[in-house]
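Student: Provided below for reference: sequence and predicted model.
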Amino acid sequence: MSKIILNKVSINIPIYEISSKRFFSLNKKENENVGGDKIVKNNNINVKALIDISLEISNNDRIGLIGHNGAGKTTLLKLLCGIYQPDQGSLKIEGSVSNLMKPGDVFLEDATGYENIRRMLFYYKQDINKFDELLNEISEFSELGEYLNFPIKTYSTGMLTRLSFSIATSFVPEITLIDEDFGTGDIGFKNKAQKRMNEYLNKSSIIILASHDRKLIEENCHKCVLLNKGRVEMFDKSEKVLSKYYD
């Protein structure tokens, strides 16, 4: 049985070096409305990207993540797929995880397409004895051909999206994480990608979808988490949370 438990999880993300004087001279309204709280120490800024997040997500849950830009949606997805680790609190995940996120979040740009495929299959803890089979399947579905022998820094955005989507949907995970900004590439790829996506989602035990699209959330999620400046403002049935946020 799949499960995700977060207990008072916080994440601080270092941004850049900047003088405290310059930071506090920025428009105050701008600071308050965008992103999480900020800490300035020794001329360094850290954003409190997630603050005291406590959630329990169980088998068969379809969860929508909503909130303004910078509220913490993508950071939470990155935490759940292992890109970030908690600075405070604890995270427990039972079940295999796959993520449909922007390609730049998961790939090494100097590695070839094939090298990135192998790296991601290790990351997703797939059976090494099935690597050759999965490599062939991913290559065929992505339609990237000889480009898989080239470093992915030579790829267009559409090619990167094809590769990322083909890898992430080459097996059925117990937990699926989706960032709305992921997209499915060019028009020629979208039709078969949509069909594969529908089959893929129907087989996942837990789905977590970050989106600004109310209709998309209503159609795919029965519960919602409303994030505000890195905090959980509300976690309830989708209709209640969506009504609070949009109405």
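Tutor: Sure, I can see it. Remember, predicted model here, so these are calculated numbers, not experimental data.
Student: make it CA atoms for all contacts and neighbour counts henceforth
Tutor: Noted.
Student: Give me the spatial nearest neighbour of Gln85, chain neighbours excluded.
Tutor: Once flanking residues are discounted, Gln85 sits nearest to Leu79: 6.0 Å by C-alpha to C-alpha, 6 or more residues apart in numbering.
Student: Secondary structure element for the one you found, which one?
Tutor: helix 73-80 (DSSP states H and E).
Student: burial of the residue nearest to Gln85, as a residue count?
Tutor: Applying other C-alpha atoms under 10 Å, we find 16 other residues in the vicinity of Leu79.
Student: can you tell me how far the residue positioned nearest the centre of the chain sits from Phe165?
Tutor: Geometric centre of the chain, nearest residue: Leu77, 3.9 Å, by C-alpha atoms, centre = their mean. Note on Leu77: its distance to Phe165, by C-alpha to C-alpha, to the nearest Å, is 16 Å.
Student: What of Gly82?
Tutor: 18 Å.
Student: repeat for Glu109
Tutor: 16 Å.
Student: Those two: who's more crowded?
Tutor: Taking neighbours as other C-alpha under 10 Å, Glu109 and Phe165 compare with Phe165 leading, 26 against 15.
Student: Okay, and the beta partners of the residue lying closest to the more buried one once chain neighbours are set aside?
Tutor: What sits nearest to Phe165 in space, not counting adjacent residues and going by C-alpha to C-alpha, 6+ apart, is Leu100, at 6.7 Å. For Leu100, the beta-bridge partners are Ile178 (DSSP bridges).
Student: now Leu100: how far from Ser170?
Tutor: Counting by C-alpha to C-alpha, the gap from Leu100 to Ser170 is 12 Å.
Student: Same drill for those two, tell me which one is more crowded.
Tutor: Leu100 (24 against 16).
Student: just checking, the residue nearest to Phe165 touches Asp179?
Tutor: Yes. Look at Leu100 against Asp179 with C-alpha atoms under 8 Å: they come within range, at 6.2 Å.
Student: which regions of this protein lie under the pLDDT threshold?
Tutor: 16-43, 102-105, 181-188 (pLDDT under 70).
Student: Now for the residue nearest to Thr112 when sequence neighbours are not counted: which residues touch it?
Tutor: Nearest non-adjacent residue to Thr112, counting by C-alpha to C-alpha, 6+ apart: Pro151, 3.9 Å away. Taking C-alpha atoms under 8 Å, 6 or more residues apart in numbering, we find Pro151 in contact with 109-113.
Student: Right, I'll leave it there.
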